[in-house]
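Novice: pasted the sequence and its predicted model underneath.
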Amino acid sequence: MSGHDHHHDHDHSELSETELRVRALESILVEKGYVDPAALDELIQTYETRVGPRNGARVIAKAWSDPAYYERLLRDATPAIAELGYEGRQGEHIVAVVNTPDIHNMVVCTLCSCYPWSVLGLPPVWYKAAPYRSKAVRDPRSVLDDFGVSLPKATKIKVWDSTAEIRYLVVPMRPKGTDGWSEERLADLVTRDSMIGTGLARQPAEVV
Amino acid sequence: MDGAHDMGGVQGFGPVEPEQNEPVFHGEWERRMLGITLAMARPGQWNIDMSRYARENRSPRDYLNCSYYEVWLGGLETLMAERGLVSREELDSGQALLPRKNVPVLKPDEVDVMLRRGGPTERAIDTPARFKVGDRVRAKVMAPATHTRLPRYVRGHAGTVELLHGAHVFPDSNAMGRGEAPQWLYTVCFDGRELWGTDGDPDVTVSVDAWDSYLEPA
């Protein structure tokens, strides 16, 4: 943040002002008993190691493989996703939107960083940053350029600005040449970005 | 409020810069900040709309110069100071000065339950939806000084209702401690040309989620 270096004269500390402030905050919260350190570790562990885009990839792979599940997902995504055990914070109300050769969906939150944590984990830095939040609703094709994604000219783009507590999950198109693949194998083709709409699913040749 | 957080359509921020194989956190302090923020939801002293308002209610210069978790830090400091939990003096001095308040504290075995429960915002209300799928509606021209979830770039523009989500907690009210006041929530789809004129891409639509009182018939 600030370039000031007035912390560097003691403690052998290379910590920034922000890092020091967060340290002070944590120690005061623990000292006052507002935060249990073990609960803090459990929270961090959950989002660092247990909740991530693999959850969403399993949802997509199942939707690609199981027509009845696909129907349930499109009709009401929240319970369909909960069937696989993914539910809760920042995934309370999910809507699944489907990419086709004619329509490509892309999700943004122009106001903050709304993102379906329960299926994708925590959002990447670019999703929360000004360039994406500003440009996605005005010029999504140029955003796709930034990601190296080019769509056929005829493909329309549908942007979903997540301005309420509804979270959107993009169902990317299933790559050709994947007939008979298991769900676990199909899930390897589903990238985080393909479920935000800033990417496409991987091609089979990219995973072997 | 019409702050720097309301970024839709603003120009000049440059290209999106994806980071290859980015880590979940960039530094230990970000990990701690996420954990602290979630843990401090447990005392129940504020709701998500209050959190968002505390993050956005600052000068544009401050907002734009802070990284994401720095915005969280600033917001949390504000919320805690307002409620007498942790004062800015305590953070500056690194010492506990205020007496401890008796509030619920998140226990390790409650973490999974809390995260799984989340905070659903759908509520039952008696009034029927004013609009149905396919109706033409206009986002109102409005400029509330406090929290709102109607982005500037859609105000005054007409779109089509494409989804109904039932009634949900109304952020504008909930953020200010004036109750949940649930309203019908719709997804409204706007044409790129409607939003951006001839500079807009005719093959782009933008959908926003809008509460009933943000809309009028078009």
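Specialist: Noted; the coordinates are in hand. As the structure is a computational prediction, the values presented were derived from the model and not from experiment.

Novice: do you know how far the residue positioned nearest the centre of chain A is from residue B:72?
Specialist: Nearest residue to the geometric centre of chain A (Cα atoms, centre = their mean): residue A:120, 3.9 Å. Computed as Cβ to Cβ, to the nearest Å, the residue A:120 to residue B:72 distance reads 19 Å. Using the backbone N, CA and C atoms, a C-beta is placed for each residue, glycine as well.

Novice: the residue nearest to the centre of chain A against residue A:58, yeah?
Specialist: No - under the criterion of Cβ atoms under 8 Å, residue A:120 is not in contact with residue A:58, lying 11.8 Å apart.

Novice: give the contact list for residue B:179.
Specialist: residue B:173 (Cβ atoms under 8 Å, 6 or more residues apart in numbering or on different chains).

Novice: got it, and residue A:73?
Specialist: Residues near residue A:73 by Cβ under 8 Å, 6+ apart: A:59, A:63, A:80-81, A:96, A:171.

Novice: out of the residues you listed, which sit inside strands?
Specialist: Using DSSP state E, the subset of those located in strands is A:96, A:171.

Novice: could the contacts of residue A:73 go into JSON lines alongside distance to chain B, neighbour count and pLDDT?
Specialist: Below are the contacts of residue A:73 laid out as JSON lines (distance: Cβ to the nearest Cβ, whole Å; neighbours: other Cβ atoms under 10 Å in any protein chain shown; pLDDT from 0 to 100):
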{"residue": "A:59", "distance to chain B": "17", "neighbour count": "28", "pLDDT": "98"}
{"residue": "A:63", "distance to chain B": "19", "neighbour count": "26", "pLDDT": "98"}
{"residue": "A:80", "distance to chain B": "16", "neighbour count": "21", "pLDDT": "98"}
{"residue": "A:81", "distance to chain B": "12", "neighbour count": "27", "pLDDT": "98"}
{"residue": "A:96", "distance to chain B": "12", "neighbour count": "25", "pLDDT": "98"}
{"residue": "A:171", "distance to chain B": "16", "neighbour count": "24", "pLDDT": "98"}
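
Novice: hmm, residue A:127 is touching residue A:117, no?
Specialist: No - in this structure residue A:127 lies outside contact range of residue A:117 using Cβ under 8 Å: 11.8 Å.

Novice: okay, strands next: where are they in chain B?
Specialist: B:122-123, B:136-139, B:158-168, B:183-191, B:204-211, B:215-217.

Novice: pick the most buried one from those.
Specialist: The highest mean neighbour count among these, using mean count of other Cβ atoms under 10 Å in any protein chain shown, belongs to strand B:204-211: a mean of 26.

Novice: neighbouring strands for it, and are they parallel or not?
Specialist: strand A:156-161 (parallel), strand B:183-191 (antiparallel) (DSSP bridges).

Novice: give me the neighbour count for residue B:77.
Specialist: 17 (other Cβ atoms under 10 Å in any protein chain shown).

Novice: wait, it touches residue B:91, no?
Specialist: Yes - if you go by Cβ under 8 Å, residue B:77 and residue B:91 touch, sitting 6.4 Å apart.

Novice: now the common contact residues for those two.
Specialist: Contacts common to residue B:77 and residue B:91, judged by Cβ under 8 Å, 6+ apart, are residue A:25.

Novice: residue 26 - how many residues pack around it?
Specialist: You didn't say which chain, so I picked chain A. Neighbours of residue A:26 (other Cβ under 10 Å): 19.

Novice: try chain B instead
Specialist: Using other Cβ under 10 Å as the criterion, the residues surrounding residue B:26 number 14.

Novice: could I get the pLDDT score of it?
Specialist: Per-residue pLDDT puts residue B:26 at 95.

Novice: now it. Its backbone dihedrals?
Specialist: Per-residue torsions, residue B:26: phi -100, psi 80 (degrees, to the nearest 10).

Novice: close enough to count as contact, residue B:62 and residue B:74?
Specialist: Yes - judged on Cβ under 8 Å, residue B:62 makes contact with residue B:74 at a distance of 7.5 Å.

Novice: could you tell me how far the helix or strand harbouring residue A:143 lies from the centre of the chain?
Specialist: In this assignment (DSSP states H and E), residue A:143 forms part of helix A:140-146. In terms of Cα atoms, centre = their mean, to the nearest Å, the centre of helix A:140-146 is set 18 Å apart from its chain centre.

Novice: helices or strands next to that helix in the packing?
Specialist: On a contact count with 3 or more Cβ pairs under 8 Å, 6 or more residues apart in numbering or on different chains; DSSP states H and E, helix A:140-146 meets strand A:103-108, helix A:130-135, strand A:156-161.

Novice: can you list contacts of the second one?
Specialist: Spelled out, that is helix A:130-135. So helix A:130-135 is contacted by A:108-111, A:126, A:142-143, A:146, B:7-11, B:13-17, B:64 (Cβ under 8 Å, 6+ apart).

Novice: need the buried ones from these selected in PyMOL.
Specialist: With 16 or more other Cβ atoms under 10 Å in any protein chain shown as the criterion, this PyMOL line picks the buried residues out of the contacts of helix A:130-135:
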select buried, (chain A and resi 108+109+110+111+126+143+146) or (chain B and resi 7+8+9+10+16)
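
Novice: what is the neighbour count of residue A:186?
Specialist: 23.

Novice: same check, this time on residue B:134
Specialist: Residue B:134: 8 neighbours (other Cβ under 10 Å).

Novice: returning to what we had before: between residue A:127 and residue A:117, which contacts overlap?
Specialist: Counting by Cβ under 8 Å, 6+ apart, nothing touches both residue A:127 and residue A:117.

Novice: so for residue A:1, what's the pLDDT?
Specialist: Looking at residue A:1, its pLDDT is 39.
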